[in-house]
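J.: sequence unknown, structure follows:
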């Protein structure tokens, strides 16, 4: 898994903003900055601090890692972790892994 470039990180932040229907004003309030600062951030005209990155990740309900890295795997959003269907699917996967390990130990 590789880290994203600055432009890819900005693309991901813009995608999350769009997906959540968030305004620049909302993001400014989350970050404690002026709306113009958010505009400059999303346009690549200013950097992003670690605290701002963490604040945006929390606001969007994703991990910081999912913003910074190219993902070649499924990312589970924190808001979904309590979804009963997801919990059941994860339980079934765990059962399949346990059964595989058990049978692998029995059959060399």
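T.: Sure thing, it's come through. Being a predicted model, the structure only gives us computed values, none of them experimental. Numbering: from 1, shown residues only.
J.: pop the domain breakdown of this structure in here.
T.: 1-75, 79-108 (automatic domain parsing).
J.: name the helix or strand of this protein that has the lowest mean pLDDT.
T.: Lowest mean confidence among the helices and strands of the chain (mean pLDDT, DSSP states H and E): helix 84-106, at a mean of 73.
J.: over to the residue nearest to the spatial centre of the chain: give its phi and psi.
T.: Taking C-alpha atoms, centre = their mean, the centroid of the chain lies closest to residue 62, which sits 3.2 Å from it. Phi and psi for residue 62, reported as degrees, to the nearest 10, are phi -130, psi 170.
J.: how much space between it and residue 28?
T.: Using C-beta to C-beta, to the nearest Å, we find residue 62 at a distance of 19 Å from residue 28. For glycine as for every other residue, the C-beta is placed from the backbone atoms N, C-alpha and C.
J.: do residue 84 as well
T.: For residue 84 relative to residue 28 (C-beta to C-beta), the value is 36 Å.
J.: who has more neighbours out of those two?
T.: residue 28 (17 against 7; other C-beta atoms under 10 Å).
J.: my guess is the more buried one contacts residue 42. True?
T.: No - with contact defined as C-beta atoms under 8 Å, residue 28 does not reach residue 42; the gap is 11.0 Å.
J.: now the helices for this structure?
T.: Secondary structure of the chain (DSSP state H): helices located at 6-19, 24-31, 35-42, 50-60, 64-68, 84-106.
J.: contacting residues around residue 17?
T.: By C-beta atoms under 8 Å, 6 or more residues apart in numbering, the residues touching residue 17 are 27, 42.
J.: just the pLDDT at it, thanks.
T.: If you check residue 17, the pLDDT there is 95.
J.: with the one 5 residues further on instead?
T.: Residue 22 is assigned 95 on the pLDDT scale.
J.: separation between it and residue 14?
T.: Counting by C-beta to C-beta, the separation of residue 22 from residue 14 is 10 Å.
J.: and these two? Which one has more around it.
T.: Between residue 22 and residue 14, counted using other C-beta under 10 Å, residue 22 has the larger neighbour count: 16 against 12.
J.: with that, I have no additional questions.
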